[in-house]
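In: Fold the stuff below for me.
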Amino acid sequence: MSFLRRMVNLASRLQLDREIRDELRSHIEMRTDDNIAAGMSPEVARRDALLRFGNPTAIRERIVAVDAGLGVEMFLRDLRYALRQFQKNPTFALTVIGTIALGIGATVAVFSVVHSVLLRPLPYRQPDRLVVATGEMRNRNTSDLPFSSPDFVDLENGAKRMFDGFAGVRTGKMLLAHRDGTMEQVRTASITTNFFSVLGGKVLLGRDFNQADAPSQGGTLDAATPTQAGQNAAPPAILSYEYWQRRYGGNPAVIGQRLSSDANNGSEIVGVLAPGFELLFPPKADVERLPDVWIATRLTYNNADRKTLIYRVIGRLKDSVSVANAQSEVDGVASQLRRDFSLWQTSDCHIQLHPMHQYLVAELTPSVIALMGAAAFLLLIACANVANLLLVRMSLRERELAVRNALGGGRWDLIRQVLAEAMLLAGAGTLFGLGIAWTAVHELANFALPNQPLLASVHLDATVITFAALFGIGAAALFGVGPALHVSRPALMTVLRSGGQNSLLAGGRLLRNGVVVAEIALSFALLVGAGLMLRSFLKLQNVDPGFDARNLLTFQIIAPQASSPEQRSAVTREIHDSLTSISGVTGVTAASPFPLADQFFPIRWGTEQALGDSSKFQSANYQVVLPGYFETLKTPLLAGRSFTEADSAPERNLVIIDQLLAAKAFPHESAIGKRILIRLRTPEPEWVEVIGVVAHQRDTSLTETGREQIYLTDGFMGHGFATRWAIRTSGDPSAYGPIVRSHITQWNGQAVLTEVEPMDDLVAQAQATTRLAFLLIGAFSVVALLLAALGVYGVLSTSVRQRTSEIGVRMALGATKAKVFSLIVGQGLRLGAAGILIGCVVALCLSRWIRSLLVDTKVVDPLTYVGITGAFCLVVALASWLPALRAASVDPMRALRSE
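Out: Numbers count the residues shown, from 1 in each chain. Purely as a prediction, here's the structure:
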């Protein structure tokens, strides 16, 4: 039987049994007829035939075993033969294995990212049932808003039909005073009492929260705020497992102890969470991933608090309820709120539901898909290159294959041998590729983007390794089938008549050229993506953020909070004076929030037109700053003046605005001395006077311009609100961290210095997504370009070998070496032109996938396309250089003599 037939038999046992049974029956009947012809009776004749053949079942089993064993044995023999061939030509084997390893390694590394980020379920109970609810103010073009306490209560009460429950969370920090007199800043999460039951968090020690731990109140919002001294008993707390181990050494006696905050209103510890629980939110949500202390929050229902948007909300859908059906229910809740409250009506507020996993990975998805596409292109290019190398190798073995065929080797025998070589090469390449992937994943974990826990958790697991094995098999099929089919019909007479020329080499020219054109096209499309990313990265580096990040150190100072505005003002002055006294410090300021470090919140503002029409109010970001803020950050003052100490008096309603807000509020006129309305301290808008206009700061992202900005004095908010400090130094700002810590400790032994970072680091973090995407796609593109150049070189080298006689004839008839050189280089450039043309079409079709990653760069960027085209022409010319030199050095007499 043929090899293909044996493989079919292995997969179809019933068909084989039927064929064997029919064949045995035929032989028994023939023997029976012979016995009858010899004079036996029909009964005796049939019995004799059955005895001679023996047990039919045993015969069938032996035939199947021999058939299957022979097929496996022949395949193993082909593998051994392939291994001996590679030992004779290790350069070829190492080249192919290295090429496959690059393609498989890149693809597996990126798939591990895809698996961890896009495919792996979230570590919660029934994560597909979890949705994140966000607010959207359509008249203000604002989305992804948290909820206020009363809005949360209305949502929870109005959407019971489709939901098993809603949980709310807000995170922050608080200062704990320990029994040994030390102070410690910890990460906190204020949560509704059903939070862990909604998400599926388990308590390892003690108990979970219950409704009695945090009864609803009608007074001040969130009496459970950790740093607030309340008149009621402090709500209970649950410790994270990691903090319990780190601070208390895993002592179970911690249950029942109290956490002493700086306000002396300690929360009783009632439980310890099981290890590994984390809050997974995207960076834009500004939620602490690993809180140390979880505190039950007390919700209030006070309409005055509807502007205080602080709670991130997670809902659990009931079984069999779809997100679309649940969205219909919350739409009804939002519609009722728009009818009942003017804020909801004028802002056209809506509630949006997002599947939690989708909400978490939305920002990463475009980058991950772009990387997966780049890796797939690289793998295809690698397979095309290997296919070309195998094709040339098989063509050089033309005589051997023709003789095998003439001596009885069938077509499938030849195909099996080529596929065995491909499988062996693919297996070795996959093993080395896994090593490359492991290294890449390890490095990726080191460079994981801030606040992207799913990237930090990327690793090679059984799923990824299985994927690698499948890709190895797929790669073998990709680069092995073409050469196998091409060489499976060698003609002995054609080979013998061809003399010194190689007929398979000549016949495969079109196939090899097509493969190289495909390589160039894929490489070109990949390099265009890298070029666009490079342009974006360069523009991002040249973006003016509105401040000078050099020699700037930022940090937070957490100290026991003073009670009165006067005392808080005095504390701020003392800290300012202490920092100013440091040698080498040329500027000191504080702000909250701080550019690129904190989440910014909107403020409503308007001009006189908004008095009669509340829909005329618009959104801007606001900052509370100390005098000297713009001077320390070197933000240009465009008009008017900066803040002074005298401006911090609470009764002085003075603001500074940025150039974007000035152009919108007072187009074509000076904003200095003008008044605008803001809504912040009181339910009704209040007038403030503009005393200065400054350059716009990119406060939340370097890739987007962001909202307009309004700057308020610390005194306007009652003092003590500017909590993140910054100093400008005359030298390396990193060296000033220990000095600042020493001065703050001398000022107040209970103060804690945290989040010490040079401003340059914050800028680098803001560039991290674009930088990482550029580096990865750029690395893939460079490898793809080198592989394409190797493909061009291989095809032209083969062409020169094949056309040696032709070149000899040309030179004998008067062709110069320069003409021969240009002939080969021209052949390479024609291949390059065809590949570039196809690559342009591919790049234009796929450019939409990286649109979201670009910064101030169009997907059809002429400079990028022209530059990449020029680079490819140069690379193709260089790859053609050596084959062209070899062709130009052909000796005509020797070439004709060999013919």
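
In: is it true that S648 touches D714?
Out: Yes - at 5.8 Å, S648 and D714 qualify as touching, with contact defined as C-beta atoms under 8 Å. (Glycine included, C-beta is placed from N, CA and C.)

In: which one of these two has more residues nearby?
Out: D714 (26 against 20; other C-beta atoms under 10 Å).

In: Nearest residue to that one in space, please, no chain neighbours.
Out: Nearest residue to D714, sequence neighbours excluded (C-beta to C-beta, 6 or more residues apart in numbering): A722, at 4.7 Å.

In: The one you found touches F643, doesn't it?
Out: No - using C-beta under 8 Å, A722 is not in contact with F643; the gap is 11.2 Å.

In: Please say which of these two ends up with more neighbours.
Out: F643 (26 against 22).

In: so what's that one up against?
Out: 625-629, 654, 656, 691-692, 711, 713 (C-beta atoms under 8 Å, 6 or more residues apart in numbering).

In: so which of those residues is the most crowded?
Out: Neighbour counts for the contacts of F643 (other C-beta under 10 Å) peak at I656, which has 29 neighbours.

In: so what sits against both of A722 and F643?
Out: Common contact partners of A722 and F643 (C-beta under 8 Å, 6+ apart): 625-626.

In: contact partners of the host helix or strand of I295?
Out: Taking DSSP states H and E as the definition, one finds I295 inside strand 293-296. Contacts with strand 293-296, where a contact means C-beta under 8 Å, 6+ apart, come from 174, 186-193, 195, 209, 213-214, 224, 226, 235-240, 243, 259, 267, 273.

In: swap in stretch 305-313?
Out: Here stretch 305-313 makes contact (C-beta under 8 Å, 6+ apart) with 132-135, 145-152, 155, 166-170, 221-222, 281, 285, 287, 341, 343, 601, 679, 683.

In: and those residues, which are buried?
Out: The neighbour-count test (16 or more other C-beta atoms under 10 Å) applied to those identifies 132-135, 145-152, 155, 166-170, 221-222, 281, 285, 287, 341, 343, 601, 679 as buried.

In: neighbouring contacts of stretch 864-877?
Out: The set of residues external to stretch 864-877 that reach it, using C-beta under 8 Å, 6+ apart, is 520, 523-524, 527-528, 531-532, 535, 785, 788-789, 792, 825, 828-829, 831-832, 835-836, 840, 843.

In: Quick check: buried residues in that stretch?
Out: Neighbour count says stretch 864-877 has 864-865, 867-869, 872, 875-876 buried, by 16+ other C-beta under 10 Å.

In: What is the nearest of those residues to A663?
Out: A663 lies nearest to T864 out of the buried residues of stretch 864-877, by C-beta to C-beta, at 32.0 Å.

In: Not counting residues beside it along the chain, what's closest to T703?
Out: With sequence-adjacent residues excluded and distances taken as C-beta to C-beta, 6+ apart, T703 is closest to V855, at 4.9 Å.

In: right, and that neighbour touches R771 too?
Out: No - using C-beta under 8 Å, V855 makes no contact with R771, being 11.2 Å away.

In: Find the residues that touch each one of those two.
Out: Common contact partners of V855 and R771 (C-beta under 8 Å, 6+ apart): F537.

In: Out of the contacts of strand 293-296, which sit inside strands?
Out: 174, 186-191, 237-239, 259, 267, 273 (DSSP state E).

In: So which of these sits lowest on pLDDT?
Out: Lowest pLDDT among the ones in strands among the contacts of strand 293-296: M174, with 83.

In: Apart from its chain neighbours, what residue comes closest to F281?
Out: Per C-beta to C-beta, 6+ apart, closest to F281 is V287, 4.0 Å.

In: hang on, G39 in a helix?
Out: No - according to DSSP: H, G, I helix; E, B strand; the rest coil, G39 belongs to no helix; its state is coil.

In: Quick check: neighbours shared by S648 and D714?
Out: Residues touching both S648 and D714 by C-beta under 8 Å, 6+ apart: S569.

In: Can you point out the buried residues in stretch 733-741?
Out: Residues of stretch 733-741 classed as buried by neighbour count (16+ other C-beta under 10 Å): 733, 736, 739-741.

In: same question, stretch 770-790
Out: Neighbour-count burial for stretch 770-790 flags 770-774, 776-778, 780-781, 783-790 (criterion: 16+ other C-beta under 10 Å).

In: Off-centre distance for that stretch?
Out: Computed by C-alpha atoms, centre = their mean, to the nearest Å, the separation of stretch 770-790 from the middle of its chain amounts to 17 Å.

In: List the contacts of it.
Out: By C-beta under 8 Å, 6+ apart, the residues outside stretch 770-790 that reach it are 99, 102, 106, 367, 370-371, 374-375, 377-378, 381-382, 385, 447, 449, 516, 519-520, 522-523, 526-527, 529-530, 533-534, 536-537, 540, 703, 764, 835, 853, 855, 871-872, 875-876, 878-879.

In: What's the PyMOL line that selects buried ones from the residues you listed?
Out: Only the buried entries of the contacts of stretch 770-790 go into this PyMOL selection, using 16+ other C-beta under 10 Å:
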select buried, resi 99+102+106+367+370+371+374+375+377+378+381+382+385+449+516+519+520+522+523+526+527+529+530+533+534+536+537+540+703+835+853+855+872+875+876+879
